[in-house]
Structures are given as C-alpha cells and as structure tokens.
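J.: I need the structure of the sequence given here:
(3 chains)
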Amino acid sequence: METLDLLAQGFQVALTPTNLLFALVGVTVGTLVGVLPGLGPSGALAILLPTTYQASPVSSIIMLAGIYHGAMYGGSTTSVLVNIPGEASSVVTCLDGYQMARRGRAGPALGMAAFASFIAGTLSLVGLILLAPPLAAFALRFGPTEYFALMVAGLVILSYMTHGSMVKGLMMAAAGLVLGTVGLDTITGRPRFTFGLTELSDGIGFLPMAMGLFGIAEVLVGLEGGEKRDVYTGRLHGLLPTRRDWSESGLPIARGSVIGFLLGILPGGGAVLSSFVSYAVERRLARRPEEFGKGAIAGLAGPEAANNAGSTGAFIPMLSLGIPSNSATAILLGALLIYGVQPGPLLMRTHPDLFWGVVASMYLGNLMLLMLNLPLIGLWVRLLRVPYDYLFPAILLFCLVGVYSVNNSTTEVLLMVAFGLLGYLLRKAGFDPAPMVLALILGPMLELNFRQALILSQGDLTAFVRHPIAAVLLLVAAVLLVLPIVQDLSRKKGDRHA
Amino acid sequence: MTYRDWYGALAFLLASAAVVAGAIRLGVGTLRDPGSGFAPLAFAAVLGLLSVIRLVGTIRAAPYRVEGRWLRVAAVCILLLAWGLAVQTVGYLVATFLVAIGFVLVGGRSVYAALAFGVGAALAVEFVFVRWLATPLPRGTLF
Amino acid sequence: MRRRIALLAAVLVGSLAATARADDFPSRAITLIIPTSPGGSASVSGQIIAEALKRELKQSVLIVYKPGAAQALGTEQVLKSRPDGYTLGWTFEPDLASKMVADGKSLSFGKGDLVHLGAAGFAPYFLWVKADAPWKTLDELVAAGKQKGISYSSSGVATMGHVYAEMFVRRAGIKATHVPYQGGGPATTALLGGHVDMSVGSYGRMKQYMDSNLVRPLAILVDERLPDLAEVPTLEERGLDLPIQGQIYHHLFGPKGMPPAVVETITSAFERAVRDPATQQALVKAGFDGRWLSAKATEEAWLKDFAIVEEALSQIK
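T.: From the prediction side, this is the model:
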C-alpha cells in the first residue's frame, strides 16, 4: 500500500511539536471566531493567512485547516446554545441542537456535535485516500443540467425536514425561492424586486434572514410567552453524551458521513445540501420521527457528521483539479499558490509530501478540535445559567452588532428585524422557517443552472431526461414527492379496515 | 386573538400574486433564452398553487386562540430598529448603551441593573468587536 | 462670536482627527474585494498582489470574493464603502468597463466614481478547448463549428471573454451557443467538465490548467505569439483577425473621497509591491507579465477601454 506509506509520511510531517502548536492555535482562534456571528470561516482564514507567512507551508496549512474546522464548530455552538445559525449548514443544527439545550441537554448536544464531526472526519479521510482521483473526475460530469436536477431533489427533501403538513413545508421552500430572486439577475445583471435600494442589489443576505427567523424570533417568542425558560433554570443533565445517545447516533453518523462526503465533492454547491439531506434521511428512517424537532440527538449527529464530511469532500476537487468549491477552499488554494505549489492532477505526483501533509493536517485539525472543545463544553453550558432577563439582551445585541458588521449596512439590520417579526408570526401560525432559509440559498443556484441548461439544450426540456445523472436525480425527487401522499392514502385505507 | 389557518394561506396567495405581476413586467423570455422574470414567475406560481391547496384544505378548520404579550414584542422590535437607525449618527457606543438599557428594562429588571448592563454591553462591544476583531463600527457623526 | 469659535474648534478637531487617521494608515487589516468567483484571473493575480501589499503595508490584506453581474456587485460594494483606504477593489479590465457600457443605466455608479490606484497582472487571451477534445488545431475547430455548431462558456454576458468569442465565431462563420457563468472559475469548470466545447480566457486564468494538461490553447488573441507558447498561432495568422487586441489587466481602485495621504501610501506601496522580484516571479509563473501602471496611466487606460469596448460591443450587436 503505497498510499498508506505516503499518508504515514504525511502524519510524520504533521505531528511535530511546532505543528501541533499551530493546529491548537488555529482551532482555538477558529472556534472563537466561529462563535461570533458575521465572521465565518472564510473571513477568519483570510485574516489569519498573513500571520502564517513566516511558517513553513505545512505548518501554515495545518493552522488554516484548524481554523476551518474550529470555525465550523463554533457556528454549531451558537446554534445549540442560542439558536443563532452563523452559516447555512448550522440552520439544521438549530433544529434539534437548540431543542436539546432547552431540555437541559446542551452538554450532550455540544459533545455529540464534536464527536460526530471527528468521526465523520475520520471516515471521510478514508474516502479521500481511496477515492480521490476517480471521484474528482465524476464531479466534473456535473454540468448545469445535473446541478439543476440535484437542486430540485434538494428542494423536495427540504419539505421532509419539517414536522406537520408537507404543503406547509413546501410553501416555506417556495417562499424562500421567491425571496432568493431579489437582487441583480445573475445572468443579465438587471435589478429585480430591489425597489431602487442598492443594498438589495446583492439579494437578501443569508445572515439577516437566518438571524432574524431563528435568533430574534426565538427571543420574541420567549419574551412574550412569559414562561420561565426551562434550560436556564433547570438542572443540567450531564455534560457528555450518554450510552443511549451513542446507540441512537451511531448509524446517523455513518450515513451522514457518506452523504456529506459524496455531496461535498461537487464544486457547484453540493456541500450546502449535505447537512439537511442527512437530517431528512434520519427523520425518514427514525423509529420515532415525531421526536425530530424536539431534541432528537440523531437529528443533530447526522447533519453534523455530514457537514464535516462535506468539507473534507470539498478538498477533492480543490487538490486534484485546482477547482475551489467555496471561498474557504479558495483561500487554502491561494495559500498553496503563494507557496509556489500548483494544485492539479499532478499535485499527488509532484508534491506527494504536501498533498498527504495537507490531508494529515486536516485530520489533525479535527482531532485538536475534539481535544479543545470537550473541556470547553462545561464553560459554554455555564453561559446558559445567566438569568434570561440578561441573556436575551445579550443575544439581541450580539445579533445587531454581528449583522451590522458584515456590510456596515443599516438596511441589513432593518431586514433582520423584519425577518424576526416574520419568524415570530410564522411560528404563531405553525410554520417552520428552516426550509425558507435553505431555499433562499438554493434558489439562485437553481435558477442559474436551469437557465444555463436551457441555453445549452437550446430550449429543449427533454435534456433533463436525456442526461442520465439528471434523470435519476429527478426520478428520485418525483418519488420523494409522491411517496408521502401514497403512504398517507394507504394508511387511511388501513385505518378503515381496522 | 383568534386565528384561522386560512388567514396565513391567503396572505401567501396575495404575496405570490404580487410577485407574478412583477415577474411578468420583468419579461419572462422564451425557453431558448429565459428572461429575468422567468424564475420569479415559476417560483411564485408554485407558491400560489401551494397556497390555494392550503387555503382549500383549511377553509373549514376550526379557529384557535393565539395568546401573547404583544407589548413586550413590540417594545423589543422598536429598540432593535432604533439601534439600526441611530448607530451611524450617535455611534455604536451610545447606541449599544441605550438599547441595552432598554432591553433590560423590558425584561423587568431595575434601573440600576439596566445601567450596569448597558455599561457592560458597550465595553464588551468595544473590546471584543472593535479592539480585538477590528470591526469597523461607526463612531458616530453627531459628536 | 462664540459660535464661530465653536465652529473653528470643531473644524480643527475634525481635521486633526482626519489627519491622525491618515497618518497612521494602515492601522488595521485592509479588505480587498474581488468581484468574481474564486478561480478566475482576478483571484489568481489578486492573491499574489494581496500577499505583496501585505509585506509593503505591514498589515493583513483580507480578500473577499463578491461575484455577480459581471463584477458590478462587488465593484458597487467597494464604491459605497467608507473612503478610508481600508476597503479596496481588484477588478479585471476591460470586463468591468464592458459591463458598464452594456448596462450602464441599471448600475448605481459611473466611470468617474472609481479612484484608480494602479494596475498590474497583464495577460493575453487565448482560445481554449479541453485537452482531450477532438480538435487539434484552430482550423479543425472552425470546420466542426461550421458543420454542427459549438458551445462556449464565458465569465458572464458582455464580459470580454464573451465579446471576443462572439467576434471570433462571427468572423469564422461558426454557429455557436453562448453559456454565461458567474466568473472565470465556473466558466473554466464547465470547459473542464466538457459541458461546453470552447472558452476564451486569459493566460493568467488558464495556465494552471494547461500545466496540468487539462486544457489546450488553439490560438492567441493578440497580434504576436507569446514566447512561452511559440507554437500557438495568432488569430491574425489564420486570417481571422479581430478588430481589437485580446488582453486583460487588473486594477486596484477605491471609492471617491479617500484622504490624499492615504491614496499616496497605497499607490506607492502598490508600485513597490509589483516591482518586488518575488511578486514578479509569482506573476510570471501564474501566466501574467510583470508590467505595472501608475495611477494616472491606469486612469487613462480605463477611459480608453470604454472606447474600445463600445466599438467591440457594437460589433456583436
């Protein structure tokens, strides 16, 4: 096994005391930055990139990988503790992670998030070793037609995420798609539904929407309910996942890792889908799906694993083809270029030490994350003991400063408040806002790929069926859409017989 | 307040109708070369269709009561808006200080507690966001 | 009287504050907005320049990608940011000029709103196909195009990659379908995946893929062959000359109203950054030439671009 030798060599490079220190610094800074809204992983990576200049390429990439993982995990932390998703993948973490926290189980939730990420990191590393070159070639076969079909399947899966009526879930998704068309048309550059506001030309931002619909709306509901929030007064049940938690999370983590890894290798936006596809799958397969949305640990473990595996998967097109799939991998790619290393299919042959060094350091970042965060959980959980009368003002100020600092825009603050109020009303009317937020992100990609596909096929709609990958994906979407209706009908028939 | 499920469905239906009208004005284009209004039209049409399904399904649903302390919700929203509108003029320190006081008062704590929290919040923003993270928050044009 | 003293004091304090801020520039990280997707020529050259600027200014230079609407989105964000020198843009010309000529009315800024700080990262355009494409020469591609038509990707409607490709296919009499993408990176991915047959892109964007043997140049779009790639013919040699030269450069700009001292600091740091041998080496390795333009020369080149692209766009109307 030549590959394993090379990997062992990579670990030898990565596991020096200096590099371990770099990894620790990266993970620590990344976690802190990820906890603060507005400054995502890519921002943190870019800010800290220059400080790595004196270090060797391997050391600095180890630190960058640490930041990347740390920031991802920091985003999950705010989702669990105060229902504020810092980025798209954390929206799913809010659903059951926050509910666990409200039931006094913030510790196990944070612990499981860290463990699930670590396990998924390990599994996807194996995937990277075995499958990188063939998968990279496969990812390239995804053109506009295939991406369109993938996005459609993703949208249908969105409606599986919510409890209650599927029509309501689909309505939220459609509303998110409509909101996603606000801004300049990505193909022609014409403004749409911007009402002459330049701030809207960039579209409705993810952060103001997500922070409004989740963070602010949650505070509003908490305030007017007058109920004493159980988590903040109640006893905390342990800090680590229990044996039962583990038995409920094992399979979800394994499935989440596979789903995340496969979607992560698609450079045109597959990684965004990974966490919520995993959530929908777990909910579908669960023995008690009614517990989802009320603090089911499987609904946290699966998506967290998928998210981490997806970010490892994203390294495949980057390292083997030089195609960055998001701004975080683009910055890592830039770091490689600065050190005079040319990513591409030749990288594995010309710089095996660096390639496997990067792979090993990615893994090291995962490990450090686990070691750093397990002791920190107690500290995070103690935050929740702050009386709610002081905690909610802190949450609100946190949202205000966070959203404002992204673009220095008053409009975005106003948008966040508007979405907060909308989220509050939707909650009263029994709608779940998660599909809306995710559809806002998927919408522009869906539209762009649809229009590109139509241009390529010269207006021929049968193109979507003639491309085999697209056809399979659309078939899956159709089955998923019809399945619950059929099941519903047959169940009703069964009731009558009984 | 009593609420019926079809209120919400109707609201979504009206919104989708407005978007359809806007999309047609943007130009739908052809299948060979879809225009700017193509996607908004399609998305809004789907939303409208779903709203009609929901409307028909819930028209006979029983009304239910929705309780709430609307006053506190309104107060918090106004304070949030105030921060957004005032921050450029009075600067982040003053805005954060005043709005933080407001929040704590809404929460029902004493004036002294609110003042202490306001000072703490302003200092936290100054040291974490401005000093450490170099976030360019506005110092204010008033002073 | 008292009011006048108060006013005077206010002005003094204000100007003191302003100079104090200009004097210690830069005292914190600078944000460099690149208005395209990662993977385009602006991101390749931008990474190199950001690194060099960081060394000269002794401050972090933070790259933020803001793609969309042929660079209009990101450019707008630079222009509406606070004019303190901490938010700058790095765009590739003449694509932005082209977008402004084509869609000027829908944009919130005009050509006078950009303050130019210098330019670098010059590279010629090539016509590329996938490395394993059946067409080995330009003539074979033209023959295939005439027979059954081809498709090509670009960084967006009215970008120069689109304009050049469109001029070429018309000149050669090829039936072609244009598929716009959001920036050079995705346009390249589409070519690599075989979803389109051809793409016109700068040497700086495509060299890395050529070095990895993923794409093949069929022709260069300026009148002279590139010494590096002496075997690749010019379009002119094949009798398919375009009315304008196909090359790009990148320029550093900021919003109107930056203090003169700050502008001076940035422009001189930029010149030193580009002339630095390490930068020169990195630029050449990535497929750019090492030229540098002063702020004034950039301004002139920018105004000239408008005339060029107006001509070019009228050709493909």
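J.: helix or strand for the residue of chain B most remote from its centre, which one?
T.: For chain B, the residue at maximal distance from the C-alpha centroid (C-alpha atoms, centre = their mean) is residue B:32, at 38.2 Å. Residue B:32 is part of no helix or strand when elements are defined by DSSP states H and E.
J.: Any idea which residue is closest to the centre of the chain?
T.: Here I'm looking at chain A. When C-alpha atoms, centre = their mean is applied to chain A, the residue found nearest the centroid is residue A:89 (1.8 Å).
J.: Switch to chain C, please.
T.: In chain C, the centroid-proximal residue (C-alpha atoms, centre = their mean) is residue C:92; its distance is 1.0 Å.
J.: Can you give the distance from the helix or strand containing that residue to the centre of its chain?
T.: For residue C:92, the enclosing helix or strand under DSSP H and E is strand C:87-93. Relative to the centre of its chain, strand C:87-93 is centred 8 Å away, using C-alpha atoms, centre = their mean, to the nearest Å.
J.: residues in contact with the next helix or strand after that strand?
T.: Moving toward the C-terminus from strand C:87-93, the next helix or strand (DSSP H and E) is helix C:95-103. For helix C:95-103, contacts defined as C-beta atoms under 8 Å, 6 or more residues apart in numbering or on different chains pick out A:188-190, C:35, C:69-72, C:75, C:107, C:110-111, C:155-161, C:163, C:248, C:302, C:305-306, C:308-310, C:312-313. C-betas here are computed from N, CA, C, even on glycine.
J.: what do you get for stretch B:60-70?
T.: A:223, A:224, A:225, A:226, A:428, B:1, B:2, B:3, B:4, B:5, B:6.
J.: Hmm, the residue farthest from the centre of chain B is touching residue A:461, no?
T.: No: in this structure, residue B:32 is not within contact of residue A:461 by C-beta atoms under 8 Å, at 10.9 Å.
J.: what residues are shared contacts of the two?
T.: Residues touching both residue B:32 and residue A:461 (C-beta under 8 Å, 6+ apart) are residue A:454.
J.: So is the helix or strand where residue A:60 lies next to chain B?
T.: Take DSSP H and E as the rule and residue A:60 turns out to sit in helix A:57-82. No: under the criterion of C-beta under 8 Å from any C-beta of the partner chain, chain B is not reached by helix A:57-82; the shortest gap measures 13.2 Å.
J.: chain center to that helix: distance?
T.: Relative to its chain's centre, helix A:57-82 lies at 13 Å (C-alpha atoms, centre = their mean).
J.: same thing with stretch C:247-264?
T.: Its chain's C-alpha centre and that of stretch C:247-264 lie 14 Å apart, by C-alpha atoms, centre = their mean.
J.: any idea whether residue A:19 is helix, strand or coil?
T.: Here residue A:19 is recorded as helix under DSSP: H, G, I helix; E, B strand; the rest coil.
J.: which ones are touching it?
T.: Residues near residue A:19 by C-beta under 8 Å, 6+ apart: A:13, A:58, A:59, A:62, A:361, A:364.
J.: Lowest-confidence entry in these?
T.: Within the set of the contacts of residue A:19, pLDDT is lowest for residue A:58 (69).
J.: What parts of the stretch 351-498 of chain A come near chain B?
T.: Residues of the stretch 351-498 of chain A lying near chain B by C-beta under 8 Å from any C-beta: A:388-390, A:392-394, A:396-397, A:400-401, A:404-405, A:408, A:410, A:413-414, A:416-417, A:420-421, A:424, A:428-431, A:443, A:446-447, A:450-451, A:454-455, A:458-459, A:461.
J.: Ranking helices and strands of the chain by mean pLDDT, which lands last?
T.: Answering for chain A, as no chain was given. The helix or strand of chain A with the poorest confidence is helix A:230-233; it has a mean of 45 (mean pLDDT, DSSP states H and E).
J.: Quick one: name whatever helix or strand follows that one.
T.: Towards the C-terminus, the helix or strand next in line after helix A:230-233, according to DSSP H and E, is helix A:243-264.
J.: Show me what the helix or strand following that next one is packed against.
T.: Later in the chain than helix A:243-264, the nearest helix or strand by DSSP H and E is helix A:270-285. Helix A:270-285 is packed against helix A:88-93, helix A:144-159, helix A:243-264, helix A:298-313, helix A:434-456, with contacts defined by 3 or more C-beta pairs under 8 Å, 6 or more residues apart in numbering or on different chains; DSSP states H and E.
J.: Tell me which other helices or strands the longest one touches.
T.: It refers to helix A:434-456. Applying 3+ C-beta pairs under 8 Å, 6+ apart, we find helix A:434-456 packed against helix A:88-93, helix A:144-159, helix A:166-180, helix A:206-210, helix A:270-285, helix A:463-466, helix B:38-58, strand C:176-180.
J.: Let me know the average pLDDT across it.
T.: On average, helix A:434-456 scores 88.
J.: can you tell me which residues contact the residue nearest to the centre of chain C?
T.: Counting by C-beta under 8 Å, 6+ apart, residue C:92 touches C:36, C:40, C:41, C:42, C:45, C:71, C:121, C:202, C:248, C:249, C:250.
J.: Of these, select the buried ones using a ChimeraX command.
T.: Entered in ChimeraX, the line below selects the buried ones among those, by 16 or more other C-beta atoms under 10 Å in any protein chain shown:
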select /C:36,40,41,42,45,71,121,202,248,249,250
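J.: and the contacts of residue C:92 as CSV, adding secondary structure and distance to residue A:284?
T.: CSV is the format used below for these (DSSP: H, G, I helix; E, B strand; the rest coil; distance: C-beta to C-beta, whole Å):
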residue, secondary structure, distance to residue A:284
C:36, coil, 39
C:40, coil, 40
C:41, helix, 45
C:42, helix, 43
C:45, helix, 47
C:71, coil, 43
C:121, strand, 51
C:202, strand, 48
C:248, strand, 50
C:249, strand, 54
C:250, strand, 49
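J.: Just give me the least confident of the contacts of residue C:92.
T.: Lowest-confidence member of the contacts of residue C:92: residue C:40, scoring 74 (pLDDT).
J.: what's the spacing between that one and residue C:245?
T.: Applying C-beta to C-beta, to the nearest Å, the value for residue C:40 to residue C:245 is 20 Å.
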